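>>> Please work out how this folds:
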Amino acid sequence: MRRWTLLPSRTEAVAAGAAALLFALSFPPFPFLFPAFVCLTPLAVIVAREADGGGSPRAAARLGFWFGLLGYACALYWIAIALSLYTKLAILGYLGAIVWLAPIVALAMAVLFGLRRGTGWPMAILLPVAWVALEVVLNYTSDLSFPWLPLGLATSRFPVLAQFADLSGVRGVSFWIAATNGLLADAWLLRTNRRAVAMRAIAILTMLGAGWVYGAYRMRTITLRTVAPIAIVQPNIPQEEKWQEENQGRIAGILSDLTREHLAASDAQLVVWPEVALPGYLVDHPEWTDTLATLSRPTGVPILFGVIDVQFHRDGTYDYFNAALLTDHRGRVGTHPPYRKEFLVPVIERVPFVSPDWFKGLRYFGGYGRGDDPPPMVLPFGRIGVLICYESVFPQLSREYRRKGVDVLVNITNDAWFGRSIAAYQHESHIALRAIENRVGIVRSANTGISEYVDPLGRRHDPTPLFTAETRTYRAQTTDVHTLYVRIGDWLGSGSLATAILILVVTRRRLRRDRS
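From the prediction side, this is the model:
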């Protein structure tokens, strides 16, 4: 009996390598759409052959492992660059990320093998079920959640094809793309049967056409309603300078000058500064409160700004939070409750599964507190919900805001630590899906870019260049649409996960009964 090994065969290596490259090319900044619709096809073909030919789920898992390792290694190379600003062990953080993700993809391919072996159903059905179940797992793994690259994100630059996210969320778009991959795999497996191949080609064209028709219809018929002009400030503070105490006064001055100059020529009803625009504790800097009052009071324009918020306890301990605070029209801070970031970046903001108290000595690294149950911020023109940085990749938070009556979402972020890597584009692209899912406009204010406005149809407006100081005023819009996704939630994602588990359980019981 041949001993199992993690090393792939030549066929597996070629398939995993080709699929991984296509997967990495599926997301912004690459202007392609085609790779997403074929990147899973080589995997599906090999897994189906293994399952139909009496192979082993270990072979399917091995294929998934190498696809996940290579695909995420290419798409997430920027982690090594980003973490290097915080620690010399950056390369270990990068390796840890892909070594964590690769086994999960391996498990998904083993599940796909089990689904095929147990049912014999087409890969057009089984592949999207297994893949979307994988995305759900990546979204809900507690401190290690990392739903950074759902397959549906590939449509973020092609909003007409992403419109049905208002029905199913991004999982539905992922399901649709994975189903196309499955149809291609089925066509290849049945390539000697011309009629079967033709039927699957027609199915692919029908699915693509249906997606486009629905998208065109929604983009033509949804009515957009203007909420308010909202200004953003992009101060362009380099990451290596941001946390140096001697620069704190200069940074506040840059923000103040840009804001004052822009408000003089703008009708904005809200100004938005980026994530941790003021790099420190507000309680340690009363001059920051004075600056905010000086800017807001004469104009009556509130300022939403990122800062490190601190909460002291009676026993002398404290927690600190990546937070957003809001001045009122008189420039007062504290009249609105702060928003404290709920979804924290693993390792950088919160070391997984250990007490944040262990890292209090490492200021602003690994020990952030976690916020809970974010309330909307109520302004004269409507309600806004705040997404800080990484939170834009979690669909459930934006949905919860919309359920609470939010009119506009605001995403504040500091992407300076991404450098000029592809990460800034990957990160920014998520808000197009959040806008479509919830049919709200999203204003994005980023320290070094990309700042922009995305309307409720997922269209980008006036994005800023990277690494320039900029100000903009966007006419933020909303809709009166209460989408199926907002009402029901991630029904397709949870349904796919439940279906996969149910089929595997039934198959296992049937095999036990047959043996007995």
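
>>> contacts, neighbours, all on C-alpha from now
OK.

>>> Please report how far the nearest residue to residue 235 once chain neighbours are set aside lies from residue 404.
Distances taken as Cα to Cα, 6 or more residues apart in numbering place residue 469 nearest to residue 235, at 4.9 Å, with adjacent residues excluded. Between residue 469 and residue 404 the distance is 34 Å, computed by Cα to Cα, to the nearest Å.

>>> who's more crowded, these two?
Set residue 469 next to residue 404 and count neighbours by other Cα atoms under 10 Å: residue 469 wins out with 18 against 15.

>>> how close does the residue nearest to residue 235 get to residue 258?
For residue 469, the distance to residue 258 equals 8 Å [Cα to Cα].

>>> and what of residue 374?
For residue 374, the distance to residue 258 (Cα to Cα) stands at 29 Å.

>>> Residue 199 too?
59 Å.

>>> Same check on residue 369?
With Cα to Cα as the criterion, residue 369 and residue 258 are 31 Å apart.

>>> The two: which is more packed in?
Shown here are residue 369 and residue 258; by other Cα under 10 Å, residue 369 has more neighbours (23 against 17).

>>> Let me know the pLDDT of that one.
Predicted confidence (pLDDT) for residue 369: 88.

>>> Got phi/psi on it?
phi -80, psi 160 (degrees, to the nearest 10).

>>> Surely residue 238 is in contact with residue 416?
Yes. Look at residue 238 against residue 416 with Cα atoms under 8 Å: they come within range, at 6.3 Å.

>>> Could you say whether residue 95 sits in a helix, a strand or coil?
Following DSSP: H, G, I helix; E, B strand; the rest coil, residue 95 is assigned to helix.

>>> Could you pull up the residues touching it?
Not one residue lies near residue 95 by Cα atoms under 8 Å, 6 or more residues apart in numbering.

>>> For it, give its distance to residue 255.
Noted for residue 95: a distance of 37 Å to residue 255, by Cα to Cα.

>>> same check, this time on residue 393
Look at residue 393 and residue 255: by Cα to Cα, they are 27 Å apart.

>>> same check, this time on residue 369
From residue 369 over to residue 255 the distance is 26 Å, taken as Cα to Cα.

>>> just to revisit the earlier point, when residue 393 and residue 255 are compared, which one has more neighbours?
Using other Cα under 10 Å as the criterion, residue 393 and residue 255 rank with residue 393 on top: 26 against 22.

>>> Near the residue lying closest to the more buried one once chain neighbours are set aside, how many residues? Count them for me, please.
With sequence-adjacent residues excluded and distances taken as Cα to Cα, 6+ apart, residue 393 is closest to residue 430, at 5.8 Å. Neighbour count of residue 430, defined by other Cα under 10 Å: 26.

>>> and if you look at residue 382?
Residues near residue 382, counting by other Cα under 10 Å, number 14.

>>> who are the neighbours in contact with it?
By Cα under 8 Å, 6+ apart, the neighbours of residue 382 are 227, 406, 407, 408.

>>> domain parsing for the protein?
10-221+490-515, 225-480 (automatic domain parsing).

>>> now the end-to-end length of the last one.
Between the opening and closing residues of domain 225-480 we find a distance of 8 Å, counting by Cα to Cα.

>>> and if you look at the shortest one?
For domain 10-221+490-515, the first-to-last residue distance is 35 Å (Cα to Cα).

>>> pLDDT on it, on average?
Rounded mean pLDDT across domain 10-221+490-515 is 94.

>>> Ok, stretch 470-477 next?
98.

>>> For the stretch 351-500 of the chain, which segments are assigned as helices?
For the stretch 351-500 of the chain, helices defined by DSSP state H, counting those that start in this stretch occupy the ranges 395-403, 423-438, 484-488, 491-515.

>>> Tell me which of these approaches residue 274 most closely.
helix 423-438 (13.7 Å; Cα to Cα).

>>> Contact partners for residue 152?
Counting by Cα under 8 Å, 6+ apart, residue 152 has contacts 162, 170, 171, 172, 173, 174, 175, 177.

>>> Nearest residue to it in space, please, no chain neighbours.
Nearest non-adjacent residue to residue 152 (Cα to Cα, 6+ apart): residue 174, at 4.1 Å.

>>> The one you found falls within a helix, correct?
Yes. According to three-state DSSP, residue 174 belongs to a helix.

>>> That one touches residue 156, doesn't it?
No. In this structure, residue 174 is not within contact of residue 156 by Cα under 8 Å, at 11.7 Å.

>>> Looking at these two, which one has more neighbours?
residue 174 (28 against 24).

>>> Residue 460 contacts residue 454, correct?
Yes. Using Cα under 8 Å, residue 460 is in contact with residue 454, at 4.5 Å.

>>> Need the overlap of contacts for those two.
Jointly contacting residue 460 and residue 454 under the rule Cα under 8 Å, 6+ apart are residue 432.

>>> Between those two, point out the one with more neighbours.
Neighbour tally, residue 460 and residue 454, criterion other Cα under 10 Å: the higher count belongs to residue 454, 28 against 18.

>>> most tightly surrounded among the helices of the stretch 351-500 of the chain?
Of all those, helix 423-438 has the most neighbours on average by mean count of other Cα atoms under 10 Å, namely a mean of 26.

>>> Could I get the CA-only coordinates of it as CSV?
Only the C-alpha atoms of helix 423-438 are listed here, as CSV (Å, rounded to 0.1, in the frame of the first residue of the first chain):
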residue,chain,number,x,y,z
ALA,A,423,-3.6,45.1,-0.2
ALA,A,424,-4.9,48.7,-0.4
TYR,A,425,-7.0,47.7,-3.4
GLN,A,426,-8.2,44.4,-2.0
HIS,A,427,-9.3,46.2,1.2
GLU,A,428,-11.1,49.0,-0.6
SER,A,429,-13.0,46.7,-2.9
HIS,A,430,-15.1,45.1,-0.1
ILE,A,431,-17.2,48.2,0.4
ALA,A,432,-18.8,47.8,-3.1
LEU,A,433,-20.4,44.6,-1.9
ARG,A,434,-21.4,46.1,1.4
ALA,A,435,-23.2,48.9,-0.4
ILE,A,436,-25.1,46.6,-2.7
GLU,A,437,-26.0,44.1,0.1
ASN,A,438,-27.6,46.9,2.2
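
>>> Since that was my last question, I'll sign off now.
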